[in-house]
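>>> Turn this into a model:
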Amino acid sequence: MNIAVLVIAALIFFEKAKPLQDSFDADETAYLTAGGRRTAVRLVSISLDRATLEWPPGAPPPPADVLLEMSGVEPLPARIAAAPIARPSEACRLVASFELVGLARNQGIVKLYTDAYSQDVRELDKSAIAGSLLTRAFGSSRPVR
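Sure thing, here's the model as predicted:
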């Protein structure tokens, strides 16, 4: 038992550095404009290169290329990832990828790091943590080619 605890402690202590992921929880209204139609969406989370949006129920699905409007940032072109199919009465989540350049980049940085966004962890996925620790401790179960 002591050896198992020691292995887990060593894995946690010598954690590999991960790339910085600044994704912040948000709860504000944003707008997607495409084909002359402007649709209000809820901004669920935001980072410097993408935003998770809640698409309103019953609205027709958005095209792939849209104009994303958020408060405090110039409207910017965005690309919507393939949207999951939801029932007409349910909202679905979309991911909009974009590139912040020029003035929009400066405004985006100010918005992310000075507004009241949060990186709080709401719930831990214990099975994913255990699986990751076991994989790192004993290696992958996939055959090596």
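>>> Which stretches in the chain count as helices?
With helices called from DSSP state H, the chain shows them at 2-13, 102-114, 126-138.
>>> and residue 96, what is it in contact with?
Neighbouring residues of residue 96 by C-beta atoms under 8 Å, 6 or more residues apart in numbering: 32, 50-53, 66, 68, 78-81. C-beta here means a position set from N, CA and C on the backbone, and glycine is covered the same way.
>>> try 6 Å
Neighbour list for residue 96: 51, 53, 68, 78, 80 [criterion: C-beta atoms under 6 Å, 6 or more residues apart in numbering].
>>> Which of the helices of the chain has the highest mean neighbour count?
Of all the helices of the chain, helix 102-114 carries the top mean neighbour count, a mean of 15, counting by mean count of other C-beta atoms under 10 Å.
>>> mean confidence score for that helix?
Averaging pLDDT along helix 102-114 gives 84.
>>> swap in stretch 47-65?
Per-residue pLDDT over stretch 47-65 has a mean of 86.
>>> and the end-to-end length of that stretch?
Length of stretch 47-65, first residue to last, C-alpha to C-alpha, to the nearest Å: 19 Å.
>>> per-residue confidence for residue 121?
According to the prediction, residue 121 has pLDDT 57.
>>> hmm, back to that, compare the contacts of residue 96 and tell me which has the most neighbours.
When neighbours are taken as other C-beta atoms under 10 Å, the top entry among these is residue 53 (28 neighbours).
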